[in-house]
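> give me a model of this one.
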Amino acid sequence: MASSSIEICNQALLLLGDKTIADFNEDSTAAKLCSSLYPLTRDAVLRLHPWNCAIKRVKLAPKLQTPEYGYGNAFTLPTDLLRLLSIDGLTDYKIEGREVLSDSNSISIRYIYRNENVNEYDALLVDAISAYLAYKLAYPITKSSAVRDEMKAIFGDLLKLAKSVDAQEEPQDTIGNFPLIDVRG
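Here you go, the predicted model:
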């Protein structure tokens with residue numbers, strides 16, 4: 001498992017057959033590209049799936065300033081939010097910008113957050129981030145669209161595998177009770 005963002009970048013560079021880096025501040029094309037692309041790549045892959053290592057639950061209090069019309073309260077979304085997964089118990093709300101509008105006095109949300117602690121990542125998540133980064137680095141480093149396409153295919157395969165394994169760590173969601181089905185037994 002990777003212990004730093006540099007290790008994830010190096011895994012991507014090795015997939016491309018390039019030299020590794022020791023620091024984002026190195027005076028090399030690879031270091032500059034990794035420094036620029038890694039944070040957005042990490043966030044994009046985290047956003048693609050509700051990874052167990054990147055989920056938070058919080059209760060939000062309403063802002064003092066209420067919306068002009070339509071709803072009684074506005075709630076500011078957390079700054080580390082990458083993707084809202086659910087709002088418990090609410091069916092009537094709107095998301096506008098970085099706010100949730102609702103008539104409720106408080107809301108509880110479940111969301112994917114920007115987890116920057118690489119030590120908490122699953123090994124397959126590390127592989128997926130590395131593969132996506134390799135895809136994004138492929139053309140600037142190799143000048144080959146064939147290599148870029150190969151990295152895209154590798155990323156797609158790894159993402160499917162990583163999502164599948166991650167999803168198996170939780171019980172399946174149930175829809176609810178169905179009395180008509182229960183009486184058949």
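
> only C-alpha atoms for contact and neighbour calcs from this point on.
OK.

> show me the protein divided up by domain.
5-50+121-167, 54-113 (automatic domain parsing).

> packed most tightly, which of the ones you listed would that be?
domain 5-50+121-167 (a mean of 18; mean count of other CA atoms under 10 Å).

> distance between the ends of that domain?
End-to-end span of domain 5-50+121-167 (CA to CA, to the nearest Å): 24 Å.

> what mean pLDDT would you report for it?
The pLDDT scores in domain 5-50+121-167 average 95.

> how far does the helix or strand harbouring I6 sit from the chain's center?
I6 is part of helix 5-15 when elements are defined by DSSP states H and E. For helix 5-15, the separation from the chain centroid amounts to 18 Å (computed by CA atoms, centre = their mean, to the nearest Å).

> can I get the helix or strand following that helix as CSV, trimmed to CA atoms?
Per DSSP H and E, helix 5-15 leads on to helix 29-47 as the next helix or strand towards the C-terminus. Coordinates of each C-alpha in helix 29-47 appear next as CSV, following Å, rounded to 0.1, in the frame of the first residue of the first chain:
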residue,chain,number,x,y,z
THR,A,29,8.7,17.5,-16.2
ALA,A,30,7.3,14.5,-14.4
ALA,A,31,7.4,16.2,-11.0
LYS,A,32,5.7,19.3,-12.4
LEU,A,33,3.0,17.3,-14.1
CYS,A,34,2.4,15.1,-11.0
SER,A,35,2.3,18.2,-8.8
SER,A,36,-0.3,19.7,-11.0
LEU,A,37,-2.4,16.6,-11.9
TYR,A,38,-2.3,14.5,-8.7
PRO,A,39,-4.8,16.5,-6.5
LEU,A,40,-7.5,16.7,-9.2
THR,A,41,-6.9,13.1,-10.2
ARG,A,42,-7.3,11.9,-6.5
ASP,A,43,-10.5,13.9,-6.1
ALA,A,44,-11.9,12.6,-9.3
VAL,A,45,-11.3,9.0,-8.4
LEU,A,46,-12.7,9.5,-4.9
ARG,A,47,-15.8,11.1,-6.4
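
> right, I'll call it a day here.
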